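Visitor: need coordinates for the following:
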Amino acid sequence: MSAPVSTPPATAAAQPAPAAPEPARRPALSPSRAMDFKQCPLKYRLRAIDRIPEPPSRHAVRGTVVHAVLEDLYGLPAAERGRDRAAALIEPAWARVLAERPEIAELVAEDGPAAFLAEVAALVDTYYRLEDPTRFSPESREARVEVELGDGVLLRGFVDRIDVAPTGELRVVDYKTGRAPGPAQETKALFQLKFYALVVLRTRGILPAQLRLIYLADGQILTYAPDAEELDRFERTLAALWTAIREAGRTGEFPPSTSWLCGYCDYKPLCPAYGGTPPEYPGWPETVGESPDETLAESVAD
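Guide: Presented below is the predicted three-dimensional model:
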């Protein structure tokens, strides 16, 4: 799920006051951090506890801009959500993202912003082959969701879109700017879908009729119809995972777990499995803020 970028800035004449800092919150479990711990406990620690920044990637920034365009698009009246209007939203969305993270300009410096924005435009155009945004209006877009389960596990994340049918049925939609997963990677996608199905069920008391992942790189849609009994079992799985995370947090034992994914990990230089040394364990945090690096990564966690 994506983390929203800011709304368009006010004019210079308005001179708005600086935004208030993000309030500190209890540590919580998100789909991405849960998958981090399952993949490699050390990766989880360096991201979620040490909070060591990772350099943004072109792929992540592209995903953030696409999410911003689609969020802005659904803020318009349905009749105004045509392809041309969506195309016109791309440059303003890029300008907002760039204003918040000026350093990402380096990611598009080699071939220039025009080539980068053309990549964004291609993904937005693909979206129109999969859905017609003029035919419905979502109940919410880019919404933060949070719920505490009965055993004290706090779940937190961002939902790209929630649609409500006239009959009251709910559909949860998530945009992905990568390709649809193959059979070997479907487990991760289904984990995320079940996570948000559970959050919606526990916050609203309604079992979503459908969850939908829209993959814009290859124009594929993955859907999942959740089952209440399955989500009960999944809730117990999350509780066990959080217990393991808290125990690791108590002891400071977050061992590395090697796999082919290590080749793509920014923390590899700090990993003992590859001759590195992680920093001294800072201890389990009682509260956490929100970093730009984390929200940028969440926007394209696919």
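
Visitor: who are the packing partners of the longest helix along the chain?
Guide: Longest helix in the chain, counting residues (DSSP state H): helix 228-251. On a contact count with 3 or more CB pairs under 8 Å, 6 or more residues apart in numbering; DSSP states H and E, helix 228-251 meets helix 31-39, helix 186-204. All C-beta atoms are positioned from the backbone trio N, CA, C, and that covers glycine.

Visitor: rank the ones you listed by pLDDT, which is bottom?
Guide: Ranked by mean pLDDT, the helices and strands packed on helix 228-251 end with helix 186-204 at the bottom, a mean of 89.

Visitor: buried residues in that one, which are they?
Guide: 188-202 (16 or more other CB atoms under 10 Å).

Visitor: one step back: give me the contact list for the longest helix of the chain.
Guide: Contacting residues not belonging to helix 228-251 are listed as 29, 34, 37-38, 41, 44-45, 49, 149, 151, 153, 155, 194-195, 197-198, 201, 207, 254, 284 [CB atoms under 8 Å, 6 or more residues apart in numbering].

Visitor: pull out the buried residues from these.
Guide: Here, 16+ other CB under 10 Å leaves 29, 34, 37, 41, 44-45, 49, 149, 153, 155, 194-195, 197-198, 201, 207, 254 buried among the contacts of helix 228-251.

Visitor: which residues of the stretch 101-250 of the chain score low on pLDDT?
Guide: Scanning the stretch 101-250 of the chain for pLDDT under 70 picks out the ranges 184.

Visitor: all strands of it, in order?
Guide: In the stretch 101-250 of the chain, the strands defined using DSSP state E, counting those that start in this stretch lie at 140-148, 154-164, 170-176, 210-215, 220-224.

Visitor: so what strands line up beside the fourth one?
Guide: In the sheet, strand 210-215 lines up against strand 170-176 (parallel), strand 220-224 (antiparallel) (DSSP bridges).

Visitor: export that strand to PDB, keeping only CA atoms.
Guide: The C-alpha coordinates for strand 210-215 follow below in PDB (Å, rounded to 0.1, in the frame of the first residue of the first chain):
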ATOM      1  CA  GLN A 210     -13.100  -8.600  -3.100                       C
ATOM      2  CA  LEU A 211      -9.500  -7.500  -2.800                       C
ATOM      3  CA  ARG A 212      -7.800  -6.500  -6.000                       C
ATOM      4  CA  LEU A 213      -4.100  -5.900  -6.900                       C
ATOM      5  CA  ILE A 214      -3.700  -4.000 -10.100                       C
ATOM      6  CA  TYR A 215      -0.200  -4.500 -11.700                       C
END
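
Visitor: can you list contacts of that strand?
Guide: 127, 130-131, 169, 171-176, 178-180, 189, 192-193, 196-197, 221-226, 302.

Visitor: can you rerun that using 7 Å?
Guide: Strand 210-215 is contacted from outside by 130, 171-176, 178-180, 189, 193, 196-197, 221-226, using CB atoms under 7 Å, 6 or more residues apart in numbering.

Visitor: likewise for the last one?
Guide: Strand 220-224 has contacts (CB under 7 Å, 6+ apart) with L130, A180, A189, L190, L193, Q210, L211, R212, L213, I214.

Visitor: of all these, which two lie farthest apart?
Guide: Within the contacts of strand 220-224, two members stand farthest from each other by CB to CB: L130 and L190, at 19.6 Å.

Visitor: can you give me the helices for the stretch 51-200 of the chain?
Guide: Taking DSSP state H, counting those that start in this stretch as the test, the helices found in the stretch 51-200 of the chain are 58-73, 83-88, 90-100, 112-130, 186-204.

Visitor: what's the neighbour count on P92?
Guide: 13 (other CB atoms under 10 Å).
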